[in-house]
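Engineer: coordinates for the following, if possible.
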Amino acid sequence: MSDPDAVHGTDAVLLFSYGTLRQPEVQLATFGRLLEGRAATVAGYRLEWLTITDPVVVATSGSDRHPLLVADPGDATGTRGAGVEGTVFSISAAELRAADDYEVDDYTRVLVPLDTGESAWVYVFAGGARAED
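Structural biologist: Coordinates of the predicted model:
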């Protein structure tokens, strides 16, 4: 797998998004620019929904319901779903910190392998109270 910190030099990282970070208005508010990305899939996770109470995040995204990536342990036979489709973006380390500031405490950032053979940062469920179905 590729090192996400070495994609385009020492300042570039890969960020996988399956939710609001793909929205143009969120990108402009968070990064000050529109991002260019490409399709990718992350395995071993499924989507659930989270009600957001942070008024700034709700105003930026236009919704109080955001998707949430949750680890998928699989069914009784251990079979996991097909994974979650999204978009992978190459961004700077400073932009990654801006994304950290945008995401609420219910999310934590982890490094995951993508179907492209690369590794990317992604925001997943941080634990605690169960996400909404």
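Engineer: residue ranges of the helices in this structure, please?
Structural biologist: Using DSSP state H, the helices found in the chain span residues 24-31, 55-61, 93-102.
Engineer: helices and strands around the longest one, which ones?
Structural biologist: Which is helix 93-102. Here helix 93-102 touches strand 12-17, helix 24-31, strand 107-113, going by 3 or more C-beta pairs under 8 Å, 6 or more residues apart in numbering; DSSP states H and E. (Glycine included, C-beta is placed from N, CA and C.)
Engineer: hey, which of those is tucked in deepest?
Structural biologist: strand 12-17 (a mean of 23; mean count of other C-beta atoms under 10 Å).
Engineer: got the contact list for it?
Structural biologist: Contacting residues not belonging to strand 12-17 are listed as 2, 4-7, 21, 37, 40, 42, 86-93, 95-96, 99, 112, 114, 118-122 [C-beta atoms under 8 Å, 6 or more residues apart in numbering].
Engineer: now the buried members of those.
Structural biologist: Neighbour counting by 16 or more other C-beta atoms under 10 Å classes 4-5, 7, 21, 37, 40, 42, 86-91, 95-96, 99, 112, 114, 118-122 among the contacts of strand 12-17 as buried.
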